[in-house]
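Q: only geometry, no sequence info:
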């Protein structure tokens, strides 16, 4: 594939900093005297060793050699042993068809969580007046960044299984064939998707749905940004394969996260995609932040190595089990308190319920009142819309953290506020 058309003017100009590349090459060769680099003297580092105790009681030791290494500057693409683990992880779980296939082969870098990975792709591709396809509603922070870049999110409705291919084709058909081919038109070049446990809807795309969308992306030559932090938080018998796993062209940029599987505080994720585009992200990271935290990377690596692949799978099963129990508790409380007042679907993945409140035009007043009177936080639906000025009767609530008895209390009070709001709107609008 030719990738130049997908890049913004800034993205096209980005090149990996020469001095960063030189420093990494010199650091990797112990025979070279590194007079070129402003490396810190190891005697000045504050930490000599560290001991980390895992939940199962086992301890992992970070000796003096490793501690010196991780307190020094490292590779922009990631702490080498951890990046190697990430490569094997992507290969094992997604088996990208483009892996090892020439200059456009799938490449992998370490990022500060999936959010950084996804957002740097958006920054690489979009500029003022560009358009981008998103499901409406979608992840609020993605909409915020798209609009901050001066681009326009084009919302495509979902149908309970994620973005609708029928509506996607209808949306793309609004441009004429000449405009589709014109590089200077505002025809979209990028599609942003949260395919697993969609945020905020909780919808889970099937493999067949992904194949349909991928075929349309191929037909219209679109790049797919697959933001997939909930991939391992699916409540079905088997995980639905990713877009990356069906990417025969090299048109998928995938963001994975360790925030939902290990720890959000470590701020680590993986960006996978065609090497020419990944290299642009490396250039961006190298000139702005150097690299992700080495200490976070080695701490996570030690846990992953202690677990092994079987241990990691058991950990994932535990995550699914705990969150499924939480989900089911919220479902029970919703049925108990919100039946007749609201509608929702049971999420098959992720950590959110997307609830439509009946007989209410906009949920903002409910969000304000439940916070003011009962100290309960819920997210208003407008924040996830491509047209946030429009009223939305939806709220998003998370079941990942709050204890079941507290969820039950919160839904009881939410129901009280909904009833009062419905009464007020009936008086005001005569419905």
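A: Arrived safely, thanks for sending. Just so it is clear, the model here is predicted, and its values are computed rather than measured.

Q: just give the closest residue to residue 228, not the sequence neighbours.
A: residue 196 (5.4 Å; C-beta to C-beta, 6 or more residues apart in numbering). C-beta here means a position set from N, CA and C on the backbone, and glycine is covered the same way.

Q: what pLDDT is listed against the one you found?
A: pLDDT for residue 196: 97.

Q: contacting residues for it?
A: Residue 196 makes contact with 204, 205, 228, 230, 231, 233, 234, 240, 349, 350 under the criterion C-beta atoms under 8 Å, 6 or more residues apart in numbering.

Q: wait, the last one sits on residue 230?
A: When you say that, I think you mean residue 350. Yes: counting by C-beta atoms under 8 Å, residue 350 does reach residue 230; the two are 4.3 Å apart.

Q: higher neighbour count, the two?
A: For residue 350 versus residue 230, neighbours defined as other C-beta atoms under 10 Å are more numerous around residue 350 (29 against 25).

Q: neighbours of residue 1, how many?
A: Residue 1 has 14 neighbours, counted by other C-beta under 10 Å.

Q: grab the nearest non-local neighbour of it.
A: Leaving aside its sequence neighbours, residue 1 sits nearest to residue 250 (C-beta to C-beta, 6+ apart; 5.3 Å).

Q: now residue 380
A: residue 367 (4.5 Å).

Q: the one you found: how many residues sit nearby?
A: Residue 367 is flanked by 21 other residues according to other C-beta under 10 Å.

Q: could you do residue 131 as well?
A: Applying other C-beta under 10 Å, I find that residue 131 has 19 neighbouring residues.

Q: show me what it is bridged to.
A: When bridges are called by DSSP bridges, residue 131 pairs up with residue 152.

Q: am I right that it is in contact with residue 151?
A: Yes: contact status for residue 131 versus residue 151: in contact at 6.7 Å, counting by C-beta under 8 Å.

Q: that older thread, just say helix, strand or coil for the residue nearest to residue 380.
A: Under DSSP: H, G, I helix; E, B strand; the rest coil, residue 367 falls in the helix class.

Q: got the contact list for it?
A: 378, 379, 380, 395.

Q: need the buried ones from these selected in ChimeraX.
A: The buried residues among the contacts of residue 367 can be selected in ChimeraX (16 or more other C-beta atoms under 10 Å) with this line:
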select :378,379,380,395
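
Q: can you tell me which of the contacts of residue 367 end up in strands?
A: 379, 380, 395 (DSSP state E).

Q: the last one against residue 355, yeah?
A: When you say that, I think you mean residue 395. Yes: using C-beta under 8 Å, residue 395 is in contact with residue 355, at 5.3 Å.

Q: how close does the residue nearest to residue 228 get to residue 349?
A: Between residue 196 and residue 349 the distance is 5 Å, computed by C-beta to C-beta, to the nearest Å.

Q: for the worst-scoring helix or strand of the chain on mean pLDDT, packing partners?
A: Among the helices and strands of the chain, helix 18-27 carries the lowest confidence by mean pLDDT, DSSP states H and E, at a mean of 78. Taking 3 or more C-beta pairs under 8 Å, 6 or more residues apart in numbering; DSSP states H and E as contact, there are no helices or strands that helix 18-27 lies on.

Q: recalculate using a threshold of 10 Å.
A: Using 3 or more C-beta pairs under 10 Å, 6 or more residues apart in numbering; DSSP states H and E as the contact definition, the elements that helix 18-27 packs against are helix 275-288.

Q: pull the contacting residues for the closest residue to residue 114 other than its chain neighbours.
A: Excluding the flanking residues, the one nearest residue 114 by C-beta to C-beta, 6+ apart is residue 257, at 3.6 Å. When contacts are counted by C-beta atoms under 10 Å, 6 or more residues apart in numbering, residue 257 touches 111, 113-118, 227-232, 264, 267-270.

Q: could you do residue 241 as well?
A: 93, 94, 95, 206, 207, 210, 211, 231.

Q: I'd like those written out as CSV, with pLDDT, secondary structure and distance to residue 362 added.
A: Formatted as CSV, those follow (pLDDT from 0 to 100; DSSP: H, G, I helix; E, B strand; the rest coil; distance: C-beta to C-beta, whole Å):
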residue, pLDDT, secondary structure, distance to residue 362
93, 96, helix, 41
94, 97, helix, 40
95, 96, coil, 45
206, 96, coil, 32
207, 97, helix, 36
210, 98, helix, 33
211, 98, helix, 37
231, 97, coil, 33
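
Q: closest one of those to residue 427?
A: residue 206 (44.1 Å; C-beta to C-beta).

Q: tell me how many other residues crowd that closest one.
A: Quick note: residue 206 (other C-beta under 10 Å) scores 15 neighbours.

Q: show me what contacts it?
A: Residues in contact with residue 206 (C-beta under 10 Å, 6+ apart) are 161, 162, 195, 212, 236, 240, 241, 348.

Q: so which of these sit within helices?
A: residue 212 (DSSP state H).

Q: out of the contacts of residue 206, which is most surrounded?
A: Result: residue 195 is most packed of the contacts of residue 206 (other C-beta under 10 Å), 25 neighbours.

Q: over to that one: give its phi and psi.
A: Backbone torsions for residue 195, taken as degrees, to the nearest 10, come to phi -80, psi -20.

Q: spatially nearest residue to it (excluding sequence neighbours)?
A: residue 205 (4.3 Å).

Q: confidence score at the one you found?
A: 96.

Q: residues contacting residue 81?
A: Residue 81 is in contact with 66, 69, 297, 298, 301, 305, counting by C-beta under 10 Å, 6+ apart.

Q: what about it, helix or strand, and which?
A: Here residue 81, judged by DSSP states H and E, is contained in helix 80-94.

Q: returning to what we had before: I'd like the ones in strands among the contacts of residue 367 laid out as TSV, including distance to residue 145 and pLDDT.
A: Supplementary listing: these in TSV, determined by distance: C-beta to C-beta, whole Å; pLDDT from 0 to 100:
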residue	distance to residue 145	pLDDT
379	18	98
380	19	97
395	23	98
